[in-house]
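> got a predicted structure here, sequence first:
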Amino acid sequence: MLQVENLDAYYDKAKILDKINLNVEEGEVVAILGPNGAGKTTLLKSICGLVNVKGEVYLNGEKITDLKPHERIKRGISICPEGRRLFPNMSVEDNLLMGAIFNGNYKKNLEYVFKLFPRLKERRKQSAKTMSGGEQQMLAIGRALMSEPRLLLLDEPSMGLAPIVIESIAEALKRIKEELKVSMLIVEQNIHLAFEVADRAYILTKGKIIKESYVDELKDLEEDYFKA
Ligand SMILES: Nc1ncnc2c1ncn2[C@@H]1O[C@H](COP(=O)(O)OP(=O)(O)OP(=O)(O)O)[C@@H](O)[C@H]1O
Ligand SMILES: [Mg+2]
């Protein structure tokens with residue numbers, strides 16, 4: 001469903017990603033693991049069309065490398081960004097509706113998000129900035145689902161959350177995978193979440209993929225391996 005071929009990414013002249021090759025199959029959940037500054041966020045931004053790149057990105061066989069971000073959203077790519085990037089003064093419900101800006105099925109999608117995260121329904125009139133960290137992450141995921149993605153990109157959904165909250169986020173992602181059959185690319189530094197949800201993983205260090213493996217085969221490695 002997603003294919004990235006020989007992708008280099010640049011900020012001005014600084015090369016951040018070097019010859020990245022990766023793929024995500026239909027319905028598959030793939031994790032990108034790697035230390036701070038490895039280029040994980042840059043990789044997700046490249047797939048969304050927010051960074052200058054060389055190389056190619058294909059979605060369902062169509063070359064999308066030159067498409068604008070909103071054209072990629074219409075084709076089924078959605079991102080739950082690093083640090084959530086909610087609209088802090090807007091209500092929970094309005095944040096969700098912002099995610100449906102290119103999608104006419106907002107009623108059905110809102111119903112699904114409220115079923116997945118009943119807490120958001122209870123608090124739908126509350127402003128986003130007054131929600132707890134875990135609730136804000138649920139809201140960011142819910143907003144990303146409002147465009148009915150076929151490929152959901154998640155940038156460190158566990159960031160700043162307590163282990164028990166991370167567990168509930170992992171459960172929600174597993175439900176999304178099962179119920180919506182959405183393909184996902186999850187950037188994580190929390191290997192527990194990644195291993196619980198993902199089928200396969202790539203390890204990214206200093207802009208290069210140094211390893212690709214099924215998650216089952218990575219479980220025996222020491223945690224420090226992923227921070228090197
Ligand atoms: N807008 C930008 N302009 C210039 N350099 C940038 C920009 N954004 C990121 N970088 C640089 O690109 C490199 C990779 O950053 P990126 O945010 O992709 O890493 P990351 O793996 O997501 O890290 P983290 O785990 O801390 O989120 C870093 O050296 C960073 O300083
Ligand atoms: Mg990042």
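Perfect, thanks for sending it. Residues are numbered from 1 along each chain as shown. Ligands and ions are numbered 1, 2, ... in the order given.
> sec struct for Gly142, please.
helix (DSSP: H, G, I helix; E, B strand; the rest coil).
> residues in contact with it?
Going by CB atoms under 8 Å, 6 or more residues apart in numbering, Gly142 touches Leu96, Gly99, Val113, Leu116, Phe117, Leu120. For the C-beta atoms, the positions are set from N, CA and C on the backbone; glycine is no exception.
> identify the residues contacting the fifth one.
Residues touching Phe117, when contacts are defined by CB under 8 Å, 6+ apart, comprise Met138, Leu139, Ile141, Gly142, Ala172.
> apart from its chain neighbours, what residue comes closest to Ile203?
Distances taken as CB to CB, 6 or more residues apart in numbering place Lys211 nearest to Ile203, at 4.3 Å, with adjacent residues excluded.
> that neighbour belongs to a helix?
No: going by three-state DSSP, the assignment for Lys211 is strand, not a helix.
> name whatever forms a beta bridge with the residue nearest the centre of the chain.
In the chain, the centroid-proximal residue (CA atoms, centre = their mean) is Leu154; its distance is 1.4 Å. Note on Leu154: beta-bridge partners by DSSP bridges are Cys80, Ile186.
> report pLDDT for it.
Per-residue pLDDT puts Leu154 at 98.
> isn't it right up against Ser183?
No: assessed by CB atoms under 8 Å, Leu154 is found out of contact with Ser183, at 11.5 Å.
> other SSEs contacting the worst-scoring helix or strand of the chain on mean pLDDT?
The weakest-scoring helix or strand in the chain, judged by mean pLDDT, DSSP states H and E, is helix 215-218 (a mean of 88). Helices and strands touching helix 215-218, by 3 or more CB pairs under 8 Å, 6 or more residues apart in numbering; DSSP states H and E, are helix 191-197, strand 200-205.
> which one of those lies nearest to Glu178?
helix 191-197 (10.9 Å; CB to CB).
> in the closest one, which residues are buried?
For helix 191-197, a neighbour-count test (16 or more other CB atoms under 10 Å) marks Ile191, Leu193, Ala194, Phe195, Glu196, Val197 as buried.
> and the third one, how far is that from Ile186?
So the one you mean is Ala194. 6 Å (CB to CB, to the nearest Å).
> identify the contacts common to the two.
Ala31.
> rewinding a little: so which of the contacts of Phe117 wins on neighbours?
Leu139 (27 neighbours; other CB atoms under 10 Å).
> restricting to C-alpha, output the helix or strand where that one lies in PDB.
Secondary structure assigned from DSSP states H and E places Leu139 in helix 133-145. What follows is helix 133-145, C-alpha atoms only, in PDB (Å, rounded to 0.1, in the frame of the first residue of the first chain):
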ATOM      1  CA  GLY A 133      -2.300  14.100  28.500                       C
ATOM      2  CA  GLY A 134      -3.900  10.700  27.800                       C
ATOM      3  CA  GLU A 135      -7.200  12.300  26.700                       C
ATOM      4  CA  GLN A 136      -5.300  14.700  24.400                       C
ATOM      5  CA  GLN A 137      -3.500  11.800  22.800                       C
ATOM      6  CA  MET A 138      -6.900  10.100  22.300                       C
ATOM      7  CA  LEU A 139      -8.200  13.300  20.700                       C
ATOM      8  CA  ALA A 140      -5.200  13.500  18.400                       C
ATOM      9  CA  ILE A 141      -5.700   9.900  17.300                       C
ATOM     10  CA  GLY A 142      -9.500  10.500  16.900                       C
ATOM     11  CA  ARG A 143      -8.900  13.600  14.800                       C
ATOM     12  CA  ALA A 144      -6.600  11.700  12.500                       C
ATOM     13  CA  LEU A 145      -9.300   9.100  12.000                       C
END
